[in-house]
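Peer 1: fold the following, please.
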Amino acid sequence: MARKVPLHRIRNIGIMAHIDAGKTTATERILYYSGKSHKMGEVHDGQAVMDWMEQEQERGITITSAVTDFMWKGHEFHLIDTPGHVDFTIEVERSLRVLDGCIALFCAVGGVEPQSETVWHQADKYHVPRIAFINKMDRVGADFFGTIQMIREKLGAHPVAMQLPLGAEDSFKGVIDLIAMKAIVWDEDTLGREYAFIEIPPEELPRARQYRDLLIECAAEHSDEVMEKYLAGAEISDKEIKKGLRRAVLQRTAVPVLCGSALRNKGIQPILDAVIDLFPSPLDVPPVVGKHPTTGALVSRTCDDRGPLTCLAFKVAMEEGRKLIYVRIYAGTLHVNADVYNPVKQVYEKIARIFRMHANKKERVESAHAGDIVAVMGLKQTTTGDTLCDDREPIVLEAIDTYKPVMSVAIEPKTVGDEERLMGVLEKIAVEDPTFFYTFDAESGQTVISGMGELHLEIIADKIMRHYHVPVRTGKPQVVYRETVASAVETEGVFDREINDTRHAGHVRIRLEPLQRGAGILFENRAPEEHIPPQYIPALEKALMDATLTGVLSGYPMVDIKITLVGGVYREGVSSELGYIMAATAALREAIEKAGPLLLEPIMEVEIVTPQEFLGDVITDINARKGKIENIENKNQTRIVTAHVSLKNMFGYATSLRSASQGRATFTMKFLRFDTQERL
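Peer 2: Here you go, the predicted structure:
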């Protein structure tokens with residue numbers, strides 16, 4: 001099937017923000033105005049199209065990223081609406097990995113909130129161009145210019161206003177377009193579908209001219225054509241300004257800022273116009289780069305339907321027991337019944353069906369092309385982050401980073417005999433969610449599930465009961481710890497034993513030393529070749545890494561250590577791989593015990609937004625939880641408190657904060673690092 005829309009008219013975009021900034025509300029308006037849906041769903045009514053899960057509708061939050069596509073002014077948009085809650089940040093991570101541009105939403109009242117920073121830095125990691133939309137301009141306390149300043153200071157970005165608000169709070173009427181130098185007002189009778197350009201009110205003109213000059217300066221910095229006209233004082237066309245701005249966005253040196261109120265149906269259509277004008281098509285982004293699976297040489301792929309197939313599986317969903325895998329096609333064309341090669345798993349898979357997605361609704365198609373984001377069925381072994389390609393020109397794309405869980409609960413079925421069903425369900429959920437882990441403790445007979453926070457684990461338990469119909473009960477949340485060591489030591493391990501009539505011997509000497517927090521685990525080989533032949537080193541390294549998965553204090557994984565293989569003994573005809581592995585494992589165990597093992601706990605960064613009159617109570621409560629106040633920021637009549645607190649001391653904090661502030665304070669927290677309580 002031939003491509004319907006040329007590549008230069010495709011936009012792969014996402015919407016990211018802090019929780020409750022209005023992402024899903026904005027998405028619902030986008031779908032309504034583009035004609036994709038015929039009714040605007042409201043998050044607070046549980047009717048949002050993109051929040052299709054029961055848990056999302058009940059809680060009024062986005063839990064899983066949802067994909068849709070629609071047409072706007074002859075351009076095809078592939079849009080991903082991402083969650084804002086920190087527990088589901090993996091959904092943002094894997095979405096940003098495959099997007100060409102992202103709309104960052106900010107609440108005009110809250111400004112740059114903690115999760116705003118997290119998703120912004122995730123977008124930095126994947127070099128995703130951004131535009132900003134300051135939402136909720138109709139709310140009491142809305143501050144457009146204050147939010148721009150926060151974007152500059154907290155995110156280190158260069159925001160440049162494309163619009164100014166026309167009024168604010170109750171008097172918010174529309175926006176001032178600084179390129180067209182017209183005001184835009186929306187017709188409330190048509191639910192914002194219709195809008196009109198009017199003259200800018202005289203009292204707003206001086207400020208509009210001031211900010212238009214800043215906008216033209218930004219465009220001039222990225223366009224010689226605009227710069228020449230700017231210096232000569234010549235007239236600069238709207239098209240030339242947009243062209244200069246587009247270069248700034250593509251180079252990620254500036255962030256154009258728009259504003260509006262999604263809930264009041266104001267400011268949405270200009271966002272879509274800005275996406276067309278400023279964001280790249282798949283042709284404008286650099287060729288995707290990966291590695292050859294056998295040689296390790298760098299390989300690049302340009303976006304071309306006729307190129308060798310190159311896809312990234314970025315999300316897995318289980319649907320009626322079958323895998324639905326979302327893929328971004330970077331090159332080539334994907335056909336139903338085609339055989340594709342997965343170089344990560346080294347298997348061939350068959351594409352049974354291809355779907356264009358609209359949240360949880362599917363439209364079957366026979367083929368999909370470079371630049372598309374689609375879902376496929378039939379892939380049995382492919383998981384999140386795997387590459388699908390043509391085996392004649394294989395490539396492995398960069399995988400998607402995942403996050404380690406920080407909280408666990410014990411889970412068990414309510415009905416005797418449901419143990420096997422529960423384990424099968426947990427396996428399916430683990431395939432969907434890379435941040436979810438489960439283990440069975442043979443000693444206690446307990447199944448333990450681990451995730452990113454209380455809400456994450458609560459949603460999973462709810463999903464097990466509703467979607468998979470396995471009644472379960474869970475225990476109290478337990479913190480997931482890590483272990484490390486306090487000092488450096490050297491030890492040696494010796495192994496010499498006859499196994500199945502074959503003698504296996506090994507003799508190694510290792511050095512174990514602590515690293516700074518967050519450094520992970522490093523391995524270095526300094527052993528002379530005559531002491532340990534090179535062919536045994538890979539197996540030794542793997543054995544030592546495997547041995548760090550279980551510490552000596554409480555069996556938690558080790559972190560922030562360096563293991564150096566410093567020497568050993570080689571005995572011709574006797575030394576073997578098994579012998580070296582057993583010797584190295586024993587040496588590491590002894591080293592950990594001698595080096596002063598330490599237990600590390602998850603330290604969380606907590607941000608509390610509270611009215612000024614409750615600041616004292618908030619600080620007292622944080623101190624009682626052995627937290628450390630890092631910063632207190634004044635913002636009008638509210639105070640923003642940033643603190644570092646051990647996760648184990650944060651249980652029940654939501655209830656405590658509501659009581660201390662008469663329900664008027666809010667908080668968010670995100671994982672900071674593993675550390676000891678003393679080093680907070």
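Peer 1: could you point out which element follows the helix or strand harbouring Thr447?
Peer 2: Here Thr447 sits within strand 446-451, counting by DSSP states H and E. Moving toward the C-terminus from strand 446-451, the next helix or strand (DSSP H and E) is helix 454-466.
Peer 1: got the buried residues for that next one?
Peer 2: Across helix 454-466, burial judged by 16 or more other C-beta atoms under 10 Å covers 454-464. No exception for glycine: its C-beta is placed from N, CA and C like everyone else's.
Peer 1: reformat those as JSON lines; add distance to Ala168.
Peer 2: JSON lines is the format used below for the buried residues of helix 454-466 (distance: C-beta to C-beta, whole Å):
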{"residue": "Glu454", "distance to Ala168": "36"}
{"residue": "Leu455", "distance to Ala168": "33"}
{"residue": "His456", "distance to Ala168": "37"}
{"residue": "Leu457", "distance to Ala168": "40"}
{"residue": "Glu458", "distance to Ala168": "38"}
{"residue": "Ile459", "distance to Ala168": "36"}
{"residue": "Ile460", "distance to Ala168": "41"}
{"residue": "Ala461", "distance to Ala168": "43"}
{"residue": "Asp462", "distance to Ala168": "40"}
{"residue": "Lys463", "distance to Ala168": "41"}
{"residue": "Ile464", "distance to Ala168": "46"}
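Peer 1: contacts only, for Arg392.
Peer 2: Pro308 (C-beta atoms under 8 Å, 6 or more residues apart in numbering).
Peer 1: show me what stretch 445-465 is in contact with.
Peer 2: By C-beta under 8 Å, 6+ apart, stretch 445-465 touches 55, 63, 85-90, 403, 405-412, 422-423, 425-426, 429, 433, 435-441, 470-472, 474, 477-478, 480, 651, 671.
Peer 1: buried ones only from those, please, as a PyMOL command.
Peer 2: With 16+ other C-beta under 10 Å as the criterion, this PyMOL line picks the buried residues out of those:
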select buried, resi 55+63+85+86+87+88+89+90+405+406+407+408+409+410+411+422+425+426+429+433+435+436+437+438+470+472+477+480+671
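Peer 1: Tyr403 touches Thr89, doesn't it?
Peer 2: Yes: under the criterion of C-beta atoms under 8 Å, Tyr403 makes contact with Thr89 at 6.8 Å.
Peer 1: run me through the strand neighbours of the strand holding Thr447, direction for each.
Peer 2: strand 407-413 (antiparallel), strand 437-441 (antiparallel) (DSSP bridges).
Peer 1: those: which one's closest to Asp304?
Peer 2: strand 437-441 (39.2 Å; C-beta to C-beta).
Peer 1: now do the closest one, average pLDDT.
Peer 2: Averaging pLDDT along strand 437-441 yields 83.
Peer 1: please apply the same query to stretch 507-527.
Peer 2: The model assigns stretch 507-527 a mean pLDDT of 93.
Peer 1: what of stretch 389-399?
Peer 2: Per-residue scores along stretch 389-399 average to 92.
Peer 1: list the buried residues in stretch 30-40.
Peer 2: 30-34, 36-37, 40.
Peer 1: return the member of those residues nearest to Pro159.
Peer 2: For those, the minimum distance to Pro159 (C-beta to C-beta) is 22.0 Å, reached by Ile30.
Peer 1: the closest one reaches Asp81, doesn't it?
Peer 2: No: Ile30 lies out of contact with Asp81 (C-beta under 8 Å); the separation is 9.3 Å.
Peer 1: so how far is Leu191 from the closest residue to His38 other than its chain neighbours?
Peer 2: Excluding the flanking residues, the one nearest His38 by C-beta to C-beta, 6 or more residues apart in numbering is Tyr32, at 7.5 Å. Separation of Tyr32 from Leu191 (C-beta to C-beta, to the nearest Å): 8 Å.
Peer 1: contact partners for Phe355?
Peer 2: 324, 362-365, 374-377.
Peer 1: filter the residues you listed down to the buried ones, PyMOL style.
Peer 2: Under the burial definition 16+ other C-beta under 10 Å, those of those that qualify are selected in PyMOL by:
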select buried, resi 324+362+365+374+375+376+377
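Peer 1: so among the contacts of Phe355, where is pLDDT lowest?
Peer 2: For those, the pLDDT minimum is Lys362, 85.
Peer 1: so what sits opposite that residue in the bridge?
Peer 2: Under the criterion used (DSSP bridges), Lys362 bridges to Met357.
Peer 1: wait, isn't it in contact with Val376?
Peer 2: No: counting by C-beta under 8 Å, Lys362 sits too far from Val376 to count as a contact (10.8 Å).
Peer 1: can you tell me the closest non-neighbouring residue to His504?
Peer 2: His504 sits nearest to Gly579 (C-beta to C-beta, 6+ apart), 4.1 Å away.
Peer 1: show me the contacts for that neighbour.
Peer 2: 495-497, 504-506.
Peer 1: secondary structure element for it?
Peer 2: Per DSSP H and E: helix 577-594 holds Gly579.
Peer 1: now that helix: mean pLDDT?
Peer 2: 94.
Peer 1: so how far is Glu117 from Leu455?
Peer 2: 19 Å.
Peer 1: same deal with Pro256?
Peer 2: 20 Å.
Peer 1: more neighbours: which of those two?
Peer 2: Pro256 (26 against 16; other C-beta atoms under 10 Å).
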